[in-house]
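Novice: Based on what follows, work out the 3D shape:
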Amino acid sequence: MELPFYTLDVFTDRTFGGNPLGVFPDATHLPTDLMQRVALEMNLSETVFLGPPETEDGSARVRIFTPRREVPFAGHPTVGSAIFLAGELSASSGAGTGGGWSSSAMPDAPADGEITLVLEENVGPVSVVVRFERGTPVFARFTTALLPEHRPNPHPLVDVAALVGLDEADIGGTGPRGSELGVEQVSCGLEYFIIPVRTIDAVRRSSLDTARWQRMLADEWAHHVYVVAMDGEGEGVDVHVRMYAPGSGVAEDPATGSAAAALGGYLSAADGSDEASLGWVVEQGIEMGRPSILHVEAERAGGTTSAVRVGGGAIRVSHGIMVVPS
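Specialist: As a prediction, the model looks like this:
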């Protein structure tokens, strides 16, 4: 059996930046165990399998796999899938997706402007707005299907610092409205152990101690580790981050949209405003040589987070055929 696939670099506007994504169109009919083996063969942070929608309002069914497991939601697969599908729409002048199916919920592609796609992920329907420029999709912004869930840090700060190779004095930082940031577990569909640090240098020096991770987090609710500094190297950047996910077979990730979504919930709670529209530009992947830019937004209403959005660009890099046993 021959399976066509594409790769995209996501959360970037240039090849060799951002986070690579494998995309298999018209492939959700495949057995789950085969999808997992294909994802392991691709050996990228995530590989997606696209197919026709299962609801009237859906644009496409999307299943997301890391090299080790299927995940209910992830950010760079959501952005990359939406831009891929929008590109297929543009190429076919809105007649189907190029993936072998059509959907009444799939809009025509504009030369300039925006369309909204609804991706049916395991977490639920995820709404994605895709912006076109001169007939090409250049940016996608999703709204999380789930609002932030917060859980406290159960570990002493000295152990948290040692987990990422830092000193206890490195932990902390100043957040929105002068708030003091603390270690916390947050999820908008995928759980993250968020560790704020006081300087970009501390982020650069961070290194996950996998033996400590195995003891402290491997079996916990949030086992993806997200190190965050409220500063940026690039112009207009607000936050510098690194993300470690050994439990998903990813030693370090160059761009993580689901973590950025959790960060939006985390920083929104730290802001604490009754009503506000908040936004941050996040850089990731610098230490890996794959610079990435993620745009994070949070809305607050009635003293709580009412919406979280994450956006970025993506470009196609390659196209090929994988031959697998029938």
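Novice: Where do the domain boundaries of the chain fall?
Specialist: Domain ranges of the chain: 2-145+313-323, 149-308, per automatic domain parsing.
Novice: Between the two ends of the longest one, how far is it?
Specialist: Meaning domain 149-308. 12 Å (CA to CA, to the nearest Å).
Novice: next one: stretch 182-191
Specialist: For stretch 182-191, the end-to-end distance is 16 Å (CA to CA).
Novice: Now tell me what touches it from outside.
Specialist: 71-74, 123, 144-153, 155, 157, 160, 171-172, 192-196, 220-224, 258-259, 261-266, 308 (CB atoms under 8 Å, 6 or more residues apart in numbering). Backbone N, C-alpha and C define where each C-beta goes, glycine included.
Novice: Do me a favour and average the pLDDT over it.
Specialist: The average pLDDT for stretch 182-191 rounds to 97.
Novice: can you give me the strands for the stretch 101-250 of the chain?
Specialist: For the stretch 101-250 of the chain, strands defined by DSSP state E, counting those that start in this stretch occupy the ranges 113-121, 124-133, 136-143, 149-152, 184-187, 191-197, 224-229, 239-245, 250-253.
Novice: Check which helices and strands the second one is in contact with.
Specialist: Using 3 or more CB pairs under 8 Å, 6 or more residues apart in numbering; DSSP states H and E as the contact criterion, the secondary-structure elements in contact with strand 124-133 are helix 75-91, strand 113-121, strand 136-143.
Novice: Between these, which one is closest to residue 279.
Specialist: Nearest to residue 279 among the helices and strands packed on strand 124-133 is strand 136-143 (11.2 Å), distances taken as CB to CB.
Novice: Can I get the helix or strand of the chain with the lowest mean pLDDT in PDB? Just the C-alpha atoms.
Specialist: Here the helix or strand of the chain ranked lowest by mean pLDDT, DSSP states H and E is helix 75-91, holding a mean of 92. Output in PDB follows, covering the C-alpha atoms of helix 75-91 (Å, rounded to 0.1, in the frame of the first residue of the first chain):
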ATOM      1  CA  GLY A  75      -1.100  23.100  18.400                       C
ATOM      2  CA  HIS A  76       1.400  22.800  15.500                       C
ATOM      3  CA  PRO A  77      -0.600  19.900  13.900                       C
ATOM      4  CA  THR A  78      -3.800  22.100  14.200                       C
ATOM      5  CA  VAL A  79      -2.100  25.100  12.500                       C
ATOM      6  CA  GLY A  80      -0.300  22.900  10.000                       C
ATOM      7  CA  SER A  81      -3.400  20.900   9.100                       C
ATOM      8  CA  ALA A  82      -5.500  24.000   8.600                       C
ATOM      9  CA  ILE A  83      -2.900  25.600   6.300                       C
ATOM     10  CA  PHE A  84      -2.500  22.400   4.400                       C
ATOM     11  CA  LEU A  85      -6.200  22.000   3.800                       C
ATOM     12  CA  ALA A  86      -6.600  25.600   2.900                       C
ATOM     13  CA  GLY A  87      -3.800  25.200   0.400                       C
ATOM     14  CA  GLU A  88      -5.600  22.300  -1.200                       C
ATOM     15  CA  LEU A  89      -8.700  24.400  -1.400                       C
ATOM     16  CA  SER A  90      -6.800  27.100  -3.100                       C
ATOM     17  CA  ALA A  91      -5.300  24.700  -5.600                       C
END
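Novice: hang on, the earlier thing: with mean neighbour count and distance to residue 290 added, can I get the strands of the stretch 101-250 of the chain in TSV?
Specialist: Shown next, in TSV, are the strands of the stretch 101-250 of the chain (neighbours: other CB atoms under 10 Å; distance: least, CB to CB, whole Å):
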stretch	mean neighbour count	distance to residue 290
strand 113-121	20	24
strand 124-133	18	23
strand 136-143	21	19
strand 149-152	13	29
strand 184-187	22	24
strand 191-197	26	20
strand 224-229	24	16
strand 239-245	25	12
strand 250-253	20	10
